[in-house]
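Engineer: Have a look at this prediction, sequence included:
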Amino acid sequence: MISIKSEYEIELLRKAGHIVYLTHQYLKDYLKPGITTLELDKLAYDFIISHDATPSFLNYEGFPNSICTSINEEVVHGIPKNRKLKNGDIISIDIGACYKGYHGDSAWSYAIGDVSDKKKYLLEHTEKCLYEGLAQVKAGNRLGDIGYAIESYAKKHKLGVVRELVGHGVGNHLHEDPDVPNYGKKNTGIILKENMVIAIEPMINLGTEEVFMEDDDWTIVTGDNKPSAHFEHTIVVKKDGYEILTGDDNFE
Ligand code: MG
Ligand code: MG
């Protein structure tokens, strides 16, 4: 069931989203060669707790940490560990925070030091995929319009669109209906309505769209070991567009 949020709920979702945004900004300063993903996880945990929220991912279906840290060929759901970031890595950090029962969810990919032109290309165009998808969001448009826009942009740039994992509704559950795929056909799928809250999250690969799961039963990696990027915002559908809940728009 797809829920339409009340103004009261949206206010809590806005607060949760803002904590997620602030956590990303806080971690950014630490993203340098030498830091381990476990150290980043601890920083995120403390930061989220200090903002009267809890990390949405911690213990979610058994996930052992507060954030997902996925390096290079890792697509999503990387488990923080004692692995140091190196110059030339890219890292996707996915953060969720729960405030008074409502969640925010946002992933962003970052370059560590000097990265290759190919990785820069991947980061630039995956972020653009997110905004191509967002540009389709307004009441009356359909879910397929979002996926179509993302997929067309990625294909035009010869990038692989991960199909196994999708965006989702967000509310008092981290993952709610509807699924929000990063592929699709124009004018198909459910009709977006004002005050639906969804996370749009293209996961885009430099090479093949094929992915598989590592032996840890969490980490998703690319089939050809080429790098992958992930950009995600939680947004509210508006009459004529959208409001980003996990950005800086609301609290400047
Ligand atoms: Mg996420
Ligand atoms: Mg998500």
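Structural biologist: Thanks, I have the structure now. Ligands and ions are numbered 1, 2, ... in the order given.
Engineer: In terms of helices and strands, where is the residue in the stretch 1-150 of the chain positioned nearest to ligand 2?
Structural biologist: In the stretch 1-150 of the chain, the residue found nearest to ligand 2 is residue 105; the distance is 4.2 Å by CB to the ion. C-beta here means a position set from N, CA and C on the backbone, and glycine is covered the same way. Using DSSP states H and E, residue 105 sits within strand 102-111.
Engineer: do the same with residue 149
Structural biologist: helix 143-156.
Engineer: for the helix or strand following that helix, packing partners?
Structural biologist: The element immediately downstream of helix 143-156 (helix or strand, assigned by DSSP H and E) is strand 160-161. In terms of contact count using 3 or more CB pairs under 8 Å, 6 or more residues apart in numbering; DSSP states H and E, strand 160-161 is assigned the packing partners helix 143-156, strand 203-205.
Engineer: got the ones you listed as JSON lines, with mean pLDDT, distance to residue 134 and mean neighbour count columns?
Structural biologist: What follows is these, written out as JSON lines (pLDDT from 0 to 100; distance: least, CB to CB, whole Å; neighbours: other CB atoms under 10 Å):
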{"stretch": "helix 143-156", "mean pLDDT": "98", "distance to residue 134": "8", "mean neighbour count": "22"}
{"stretch": "strand 203-205", "mean pLDDT": "98", "distance to residue 134": "15", "mean neighbour count": "28"}
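Engineer: neighbours of residue 181, just the number please.
Structural biologist: By other CB atoms under 10 Å, 21 other residues sit near residue 181.
Engineer: and the lengthiest helix in the chain with ligand 2, contact?
Structural biologist: Counting residues, the longest helix found in the chain (DSSP state H) is helix 7-28. No. Against ligand 2, helix 7-28 shows no contacts by CB under 5 Å from the ion, the least distance being 10.5 Å.
Engineer: what comes into contact with that helix?
Structural biologist: Applying CB atoms under 8 Å, 6 or more residues apart in numbering, the external contacts of helix 7-28 come out as 5, 40, 43-44, 47-48, 51, 53, 93, 95-106, 108, 110, 170-172, 195, 197, 234, 236, 244-248, 250-251.
Engineer: the strands in the stretch 51-200 of the chain, which residues?
Structural biologist: 54-55, 67-71, 74-76, 90-99, 102-111, 160-161, 167-169, 176-180, 197-200 (DSSP state E, counting those that start in this stretch).
Engineer: Format those strands as TSV; extra columns: mean pLDDT and distance to ligand 1.
Structural biologist: Conversion of those to TSV gives the following (pLDDT from 0 to 100; distance: least, CB to the ion, whole Å):
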stretch	mean pLDDT	distance to ligand 1
strand 54-55	98	12
strand 67-71	98	7
strand 74-76	98	8
strand 90-99	98	4
strand 102-111	98	4
strand 160-161	98	17
strand 167-169	98	9
strand 176-180	98	12
strand 197-200	98	6
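Engineer: Kindly confirm my reading that residue 236 is in a strand.
Structural biologist: Yes. Checked against DSSP: H, G, I helix; E, B strand; the rest coil, residue 236 lies within a strand.
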